[in-house]
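> Here's my sequence, what's the structure:
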Amino acid sequence: MDAPVLVLGNSIGTNQGMWAPLIPTFAQRFRVLAVETRGHGGSEVLPGPYSIADLGGDFLAVFDELGLETVRYAGLSIGGMIGMWLASHAPERVEKLALVCTSAYLPPATNWIARAETVRSEGTGAIAETAVGRWFTPGFRERSPDQVKAAVAMLEATSDEGYAGCCEAIAGMDLRPDLHRITAETLVIAGADDPATPPSHGEAIVDSVRGARLQIVPDASHLATLEQPETIASLVLGALA
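Just a heads-up that it's a prediction; the model follows:
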């Protein structure tokens, strides 16, 4: 299939399963490559702390290994942060960009450091209840308990060190000074009910990326790909196809 390559970046505490409902739709137009963030899913677990540059470098290494000169990229949460880093530090490699439920700067760093310490000492299961509260709206948790349970299983299967290292990457992250370097056509998608990266964070990205557009999705919290898969798939296709 001679089609553009769409690279998918997952959120912290998940794996490529967070994109699973959308992949069949994407595969009609793209060659889909879901790259799992360092320490997540089937990727290598290295000792933390990590930086966003480390994680972005991992993605560039995959592109080089597969001979991918340019890609289209969609990432959620830390996957979106990696996308911004790629598009600003290797702009010739990212043709089009979709940033979902993400932020260029997410203080306070102390919260991320504390979360990393909790996970290293008690495991990812210790933060599962809090994570679910950020990931999904109350209505979705009530309607779709099996999907919520599957999301918790992704979190609990995530390496403690991988999760903690990525927390430290977010703690040390400030992508704002480099956003003006992004040349890719960019769509920013925000969940209207996302407490982790509210729409104001999407607005801040759009204000700094030339030509970027913002789309706010109703009835969606942080893991919008699972809560509103059809809407997110349609928006990403419209922007990247």
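
> Can you show me the strands along this structure?
With strands called from DSSP state E, the chain shows them at 5-9, 31-35, 71-76, 94-100, 185-191, 213-217.

> Quick check: buried residues in stretch 86-103?
Using 16 or more other Cβ atoms under 10 Å as the test for burial, stretch 86-103 gives 86-89, 93-103. For every residue, glycine as well, the C-beta is placed using N, CA and C.

> and if you look at stretch 14-26?
In stretch 14-26, counting by 16+ other Cβ under 10 Å, buried: 14, 15, 16, 17, 18, 19, 21, 22, 23, 25, 26.

> Name the nearest residue to residue 228, ignoring sequence neighbours.
residue 220 (4.6 Å; Cβ to Cβ, 6 or more residues apart in numbering).

> The one you found: what's it in contact with?
Applying Cβ atoms under 8 Å, 6 or more residues apart in numbering to residue 220 gives the contacts 101, 137, 191, 192, 193, 194, 227, 228, 231.

> just these now: which is nearest residue 116?
residue 101 (20.7 Å; Cβ to Cβ).

> And for residue 118, the neighbour number?
Applying other Cβ atoms under 10 Å, we find 18 residues neighbouring residue 118.

> pLDDT score assigned to it?
If you check residue 118, the pLDDT there is 98.

> That one reaches residue 125, doesn't it?
No: judged on Cβ atoms under 8 Å, residue 118 makes no contact with residue 125 at a distance of 10.6 Å.

> Show me which residues of stretch 174-183 are buried.
Under the neighbour-count criterion of 16+ other Cβ under 10 Å, stretch 174-183 has 175, 179, 182, 183 buried.

> picking that back up, so which of the strands of the chain is the most packed in?
Mean neighbour count (mean count of other Cβ atoms under 10 Å) peaks for strand 71-76 among the strands of the chain, with a mean of 28.

> quick one, it and strand 5-9 angle?
Orientation of strand 71-76 against strand 5-9 (axes from the mean of the first three to the mean of the last three Cα atoms, to 10 degrees) gives an angle of 20 degrees.

> Who's the closest spatial neighbour of residue 172, skipping the chain neighbours?
residue 51 (5.9 Å).

> can you tell me which residues contact that neighbour?
Residue 51 makes contact with 169, 172, 173, according to Cβ under 8 Å, 6+ apart.

> Can you give me the pLDDT of the first one?
Right, residue 169. According to the prediction, residue 169 has pLDDT 98.

> Is it in contact with residue 57, as I believe?
No: the pair residue 169 / residue 57 is not scored as a contact, 11.7 Å apart, by Cβ under 8 Å.

> Of these two, which one has the most company?
Set side by side, residue 169 and residue 57 show unequal neighbour counts under other Cβ under 10 Å, the larger going to residue 169 at 27 against 17.

> Out of the buried residues of stretch 174-183, the closest to residue 74 would be?
Here the nearest of these to residue 74, counting by Cβ to Cβ, is residue 182; it sits at 14.5 Å.
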